[in-house]
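1. sequence below, structure please.
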Amino acid sequence: MSKYTTGEIAKLCGVSVRTVQYYDSRNILIPSEFSESGRRLYSEQDLKQMKIICFLRDAGLSINSIGELLSEKNPGGTISVLLEQQAKCLETEVNDRRAKLELIDGIRRELKSVENFSVESIGDIAYAMEHRKKLKQLHAILMITGLPLCIAQWTAVILLIGSRIWWPLVVWAMLAIPYAVWVSIFYFKRVAYICPQCHNVFRPNLKEVLFARHTPTLRKLTCTCCGHHGFCVEVYGKEKRDE
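-> Have a look, this model is predicted:
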């Protein structure tokens, strides 16, 4: 029957000699015998156990868990539970890392749009990204509530052009005007703007917002904190308003 020294079993399992010695000190992998000179000697069964230990370590199990597992007479049920728990931990870790990666990617994209980068710019980006989900939900509400009116508009236009029936367009206009007023008040009560100059979050008056030049994410406004006039970043701001 083959016998393996510490160095040989370490090489066969792809670990360091110190690792094998550490497992011995923890009573996880005890050598079957010692040579006359006192060298540790491991059997084929020891080699198999070492490979099992390495497999469990690669799976992320702790040394304490492996030691308890190997001391069980019937470890089948125990290892199943341990691996299930480890799988859940790894899934959580993967999800956390994925979320961090998405955060980093988002910050990198946002930084490309910042002309004069500063430490405060990171705070602006963090605020915008923190509230981005709620801002998207707000946009979704506007799209859903506006869809019926959009369909009614095109229906009215088609009827006017095709059949010279004009009254559906009048009805649409009577509905669209109050909707436009409501949606404007509803929307701009729930958004705020970050000033690129002083980096404060502020709310302009409704009249200025309605007539300001804008893009999907920017609006040219006058900051109520420092008086800067320029494009400001639109963010969800309901929490700020309720404070």
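2. use CA for all of it now, contacts and neighbours both
-> Noted.
3. grab the longest strand from the chain for me.
-> Scanning the chain for the longest strand, with DSSP state E as the assignment, gives strand 229-236.
4. which residue ranges form the strands in the protein?
-> 33-34, 40-41, 191-194, 201-202, 218-222, 229-236.
5. out of these, which gets nearest to residue 14?
-> Among these, strand 40-41 comes nearest to residue 14, with 17.4 Å by CA to CA.
6. now the closest one: average pLDDT?
-> Mean per-residue pLDDT for strand 40-41: 90.
7. ok, that strand: who's next to it in the sheet?
-> Strand 40-41 has its sheet partners listed here by DSSP bridges as strand 33-34 (antiparallel).
8. let me know the outermost residue of the chain.
-> Of all residues in the chain, residue 36 has its C-alpha farthest from the mean position, at 59.3 Å, by CA atoms, centre = their mean.
9. can you add distance to residue 13 and give the strands of the chain back as CSV?
-> Shown next, in CSV, are the strands of the chain (distance: least, CA to CA, whole Å):
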stretch, distance to residue 13
strand 33-34, 19
strand 40-41, 15
strand 191-194, 58
strand 201-202, 59
strand 218-222, 59
strand 229-236, 55
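10. turn those into TSV, including distance to residue 210 and mean neighbour count.
-> Formatted as TSV, the strands of the chain follow (distance: least, CA to CA, whole Å; neighbours: other CA atoms under 10 Å):
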stretch	distance to residue 210	mean neighbour count
strand 33-34	86	12
strand 40-41	82	20
strand 191-194	13	22
strand 201-202	16	20
strand 218-222	10	20
strand 229-236	13	21
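11. which other helices and strands contact the top helix by length along the chain?
-> Using DSSP state H, we find that the single longest helix of the chain is helix 76-112. With contacts taken as 3 or more CA pairs under 8 Å, 6 or more residues apart in numbering; DSSP states H and E, helix 76-112 sits against helix 63-71, helix 119-130.
12. lowest average confidence across those helices, which one?
-> The bottom spot among the helices and strands packed on helix 76-112, by mean pLDDT, belongs to helix 119-130, with a mean of 66.
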